[in-house]
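Colleague: got a sequence here, can you build the structure:
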Amino acid sequence: MNRTSEFFSYLSRENHIIKNKVHVPVQKSQFSEVTNEIRQRLSHSRDSVRELHIRLRKGTIFGEDEQRINEIIISLNRDLAQIEAKISGLSSIKTKPQNYKNAIQTLQQSLSGITKDFQVLIQRRSQIMQKVAERRQLITAPTRGSNFFDTMYTDEVEYPINNLSNQQLEEHRERYDMVRNVEQSISEIVTMYQKLSEVVASQEFDIQRIDQNANETLDGLLKGTKQLEKFYEKTKHNRWLIMKIAAVLVFFALVFIIII
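Modeller: Down below sits the predicted model:
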């Protein structure tokens, strides 16, 4: 008996099953995907804060460091705002795990910690720029006597500016204007993050209120279920009573008919 065709059909069926098992992707919930993305972006923001701290610790805010510092500040400003929006949107996802509140609270705490560190660095940069602005005023200030020598200070060196050309003085003035504009931008960023901290606090209050409303709703459902069970028990017992009364009446009716 030739069973070759049956053997090949069996192999094709098994291969089809194996391929289906291999190619079926593991479906993750939308909540898990969003939380994983938020964790990755928080990690990236934490690295950016660390890099900003290292560059500010060097004490140099001009040249390549200045450009990179401005890029980090702008990037962190944008990323933290987007992360806060994503965390706020987690509560509106339909399918959520049982511990979603703890997950949201943990993400908010991480965001709050990074935001506080960022605010500290922003304040430190503002102080540095304020010192630089004061030093630039010394550069542009007029001399008050023949024995008075203007000097320009940095964190490491001090040197007279008598030999500086007009072009160099003009460059210093331009840098001073740039520092003043950056300082104004930093003050705006600090104000924005103060508002962000208020938003995070209000989100925590909203989560607590939602939790309380959910508990009240659950208690109401349990009470309603108990009342339905009591009503069912009463109805069931009354039905048996009515059937007994009807049986008694039928019995007496039959007896009365037989007697007649």
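
Colleague: domains in this protein, by residue range?
Modeller: 30-139+172-206, 208-259 (the TED database).

Colleague: now render these as JSON lines, adding mean neighbour count.
Modeller: Any C-beta I mention is one placed from the backbone N, CA and C, and that applies to glycine too. Below are the domains of the chain laid out as JSON lines (neighbours: other CB atoms under 10 Å):
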{"stretch": "domain 30-139+172-206", "mean neighbour count": "15"}
{"stretch": "domain 208-259", "mean neighbour count": "10"}
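
Colleague: can I get those in CSV including mean pLDDT?
Modeller: Output for those, formatted as CSV (pLDDT from 0 to 100):
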stretch, mean pLDDT
domain 30-139+172-206, 80
domain 208-259, 80
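
Colleague: ok, which stretches of the chain are strands?
Modeller: Secondary structure of the chain by DSSP state E: the strands cover 151-153, 158-160.

Colleague: avg pLDDT for the first one?
Modeller: Taken as a whole, strand 151-153 has a mean pLDDT of 44.

Colleague: got it, and the last one?
Modeller: Summarised as a single mean, pLDDT over strand 158-160 is 44.

Colleague: show me the contacts for I189.
Modeller: 73, 77, 122 (CB atoms under 8 Å, 6 or more residues apart in numbering).

Colleague: show me which of those is closest to R209.
Modeller: The closest of those to R209 turns out to be N77 (CB to CB; 29.5 Å).

Colleague: which other residues reach stretch 197-204?
Modeller: 84, 87-88, 105, 108, 111-112, 115.

Colleague: switch the cut-off to 6 Å
Modeller: Residues outside stretch 197-204 that contact it (CB atoms under 6 Å, 6 or more residues apart in numbering): 88, 108, 112.

Colleague: which of those lies closest to V190?
Modeller: Using CB to CB, those come closest to V190 at S112, 15.5 Å.

Colleague: grab the nearest non-local neighbour of that closest one.
Modeller: Once flanking residues are discounted, S112 sits nearest to V200: 5.8 Å by CB to CB, 6 or more residues apart in numbering.

Colleague: name the nearest of the contacts of stretch 197-204 relative to Q208.
Modeller: For the contacts of stretch 197-204, the nearest to Q208 is Q108 (12.1 Å; CB to CB).

Colleague: which residues does the closest one contact?
Modeller: For Q108, counting by CB under 6 Å, 6+ apart, the contacting residues are 87, 200.

Colleague: same thing but 7 Å
Modeller: 87, 200, 203-204 (CB atoms under 7 Å, 6 or more residues apart in numbering).

Colleague: which of these fall in helices?
Modeller: Among the contacts of Q108, the residues falling in helices (DSSP state H) are 87, 200, 203-204.

Colleague: got the residues you listed as TSV, with distance to S48 columns?
Modeller: Shown next, in TSV, are these (distance: CB to CB, whole Å):
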residue	distance to S48
I87	18
V200	19
Q203	23
E204	25
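
Colleague: and the residues you listed, which is closest to D219?
Modeller: E204 (23.1 Å).

Colleague: the closest one and D177: what is the separation?
Modeller: 42 Å (CB to CB, to the nearest Å).

Colleague: next: L121.
Modeller: With CB to CB as the criterion, L121 and D177 are 23 Å apart.

Colleague: and E188, by the same measure?
Modeller: 17 Å.

Colleague: K116 now?
Modeller: In terms of CB to CB, K116 sits 31 Å off from D177.

Colleague: check A247 too.
Modeller: 105 Å.

Colleague: same check, this time on E66
Modeller: 14 Å.

Colleague: also R124?
Modeller: From R124 to D177 the distance is 22 Å (CB to CB).

Colleague: got the contact list for the most centrally placed residue in the chain?
Modeller: The centroid of the chain falls nearest to I87 when counting by CA atoms, centre = their mean (3.6 Å). For I87, the contact set (CB under 7 Å, 6+ apart) comprises 38, 104, 107-108, 111.
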